[in-house]
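Turn this into a model:
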Amino acid sequence: SVGDSAGVALYWRSIFWPPCKNDVSQEMVYEDDLVASGEQFDMVFIVVAEQSLINYYSLIICSNMLKMNGVICLQNKTNPAKSSDKDETVAMKMTDIINADPRVEQVSAVPLSITTDGVFWGYKRRCILDRLRLDCKVAYVTGGGQGIGRAFVHALGEAGAKVAIIDIALEKAQAVAKELEVNGIKSVAMAADVSKAEDVKRIVDSIVANWGRIDIACNNAGINMNSASEDTTLEEWDKTFNVSLRGLFMCCRIMLSQGYGKIINTASMASLIVPHPQKQLAYNTSKAGVVKLTQTPGPEWIDRGMFMHATALCTAARILGLSAR
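Reported below is the predicted structural model:
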């Protein structure tokens with residue numbers, strides 16, 4: 001293929017030998033046309049194998065298809081996914097040819113060395129995703145039966161945590177629990193209204209009774225009534241704040257009795273900026289409260305083993321506890 005990227009002429013040749021029973025000359029008809037046209041390239045990639053690699057290298061160099069100061073890139077493995085003695089033989093032969101060619105300066109040779117760099121190897125030879133595993137941890141997610149909460153549930157479960165899926169609609173929580181079960185993830189579905197103190201205490205006590213503790217509290221439940229500011233009723237205001245803020249406050253405070261834990265509160269970009277008319281006064285105001293409810297007790301509780309975080313999520317396809325009219 002021939003292309004142009006930011007003004008740089010590129011040529012990519014990908015042939016695996018032998019393409020057919022014909023000889024190599026049949027394979028080079030396309031290159032003959034390019035040579036006849038006088039086309040030159042800034043960079044040439046050759047992804048071929050065995051005999052073809054040497055043939056195409058010679059053609060490119062001898063036919064002046066590469067511009068002066070251009071770059072030629074060679075893949076010297078028969079199969080990029082595997083390594084073999086044949087690959088080593090081809091690579092050594094190709095290296096000898098390039099080293100002996102006075103027209104080419106080889107810039108890819110790097111002296112062998114052993115590095116102990118922690119960034120290269122990872123801390124204790126563990127990759128970042130492995131180091132972020134949550135094996136044996138216990139987590140709960142409120143509003144976990146749908147939308148962003150469901151995504152939190154899957155993420156925590158895939159990382160190794162046991163997850164309590166809490167939703168005001170038990171059937172939704174159970175549906176997500178079945179999704180996790182397919183992947184061998186331990187979970188439990190629970191129905192609760194987080195605006196009620198007795199429900200919050202019940203779910204926390206139940207999780208601790210079953211799994212011994214709670215390591216991660218993901219307070220995600222929220223309500224958006226979607227009313228214009230002047231049309232927001234006190235009933236809508238109270239419902240929104242009871243779930244999005246009052247319920248979150250109770251969930252945070254009850255975690256303090258654990259003596260250790262990570263609290264993740266779901267805020268919103270709307271708590272920081274309202275770039276266009278959104279008609280969700282109660283929701284936006286409650287989410288601004290979530291930010292402060294995270295920032296204020298965070299420094300107070302950190303020496304008591306609690307670590308608090310807020311996520312300010314941007315617009316996403318989501319379903320909240322109560323839909324618009």
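
For stretch 265-279, list every residue counted as buried.
By neighbour count on 16 or more other C-beta atoms under 10 Å, the buried set for stretch 265-279 is N265, T266, A267, S268, A270, S271, K279. Glycine gets a C-beta too; all of them are placed from N, C-alpha and C.

Actually, stretch 173-192.
Under the neighbour-count criterion of 16+ other C-beta under 10 Å, stretch 173-192 has 173-177, 180, 185, 187-192 buried.

do the same with stretch 192-205
A192, D193, V194, S195, D199, V200, I203, V204.

just how off-centre is it within its chain?
Relative to its chain's centre, stretch 192-205 lies at 32 Å (C-alpha atoms, centre = their mean, to the nearest Å).

Go through this structure and flag its longest strand.
strand 66-75 (DSSP state E).

C-alpha coordinates for that one, PDB please?
The C-alpha trace of strand 66-75 is given here as PDB (Å, rounded to 0.1, in the frame of the first residue of the first chain):
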ATOM      1  CA  LEU A  66      13.900   5.200  -0.700                       C
ATOM      2  CA  LYS A  67      14.700   8.900  -0.500                       C
ATOM      3  CA  MET A  68      18.100  10.000   0.700                       C
ATOM      4  CA  ASN A  69      17.900  10.100   4.500                       C
ATOM      5  CA  GLY A  70      14.800   8.000   4.300                       C
ATOM      6  CA  VAL A  71      14.100   5.100   6.700                       C
ATOM      7  CA  ILE A  72      13.600   1.500   5.800                       C
ATOM      8  CA  CYS A  73      11.900  -0.800   8.500                       C
ATOM      9  CA  LEU A  74      12.300  -4.500   8.200                       C
ATOM     10  CA  GLN A  75      10.400  -7.200  10.100                       C
END
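
Note down every partner strand of that strand and its orientation.
Sheet partners assigned to strand 66-75 using DSSP bridges are listed as strand 41-48 (parallel).

What average pLDDT does the helix or strand just after the partner strand get?
Counting by DSSP states H and E, the next helix or strand C-terminal to strand 41-48 is helix 51-62. Mean pLDDT, computed over helix 51-62, is 76.

can you list the domains in this structure?
2-100, 125-311 (automatic domain parsing).

what's the least confident stretch among those?
Looking across the domains of the chain, the weakest by mean pLDDT turns out to be domain 2-100, at a mean of 65.

I'd like the distance between F307 and I128.
Distance, F307 to I128, by C-beta to C-beta, to the nearest Å: 19 Å.

H154 looks like it's in a helix, true?
Yes. The assignment for H154 is a helix, going by DSSP: H, G, I helix; E, B strand; the rest coil.

Just the ones of the buried residues of stretch 173-192 in strands?
Members of these lying in strands (criterion: DSSP E): S187, V188, A189, M190, A191.

Just the closest of those residues to A36, please.
Closest approach between those and A36, by C-beta to C-beta: S187, at 66.9 Å.

what about the closest one, distance to D215?
For S187, the distance to D215 - C-beta to C-beta - is 15 Å.

still on that earlier bit, identify the residues contacting the longest strand of the chain?
9, 40-48, 53, 57, 60-61, 94, 98, 104 (C-beta atoms under 8 Å, 6 or more residues apart in numbering).

Name the residues of stretch 291-311 that are buried.
V291, L293, T294, P297, G298, W301, M306, M308, A310.

so who does Q174 touch?
A189 are the contacts of Q174 under C-beta under 8 Å, 6+ apart.

The chain: strands as residue ranges?
Using DSSP E, strands in the chain cover 2-5, 8-15, 41-48, 66-75, 138-142, 162-167, 187-191, 216-219, 261-266, 306-311.
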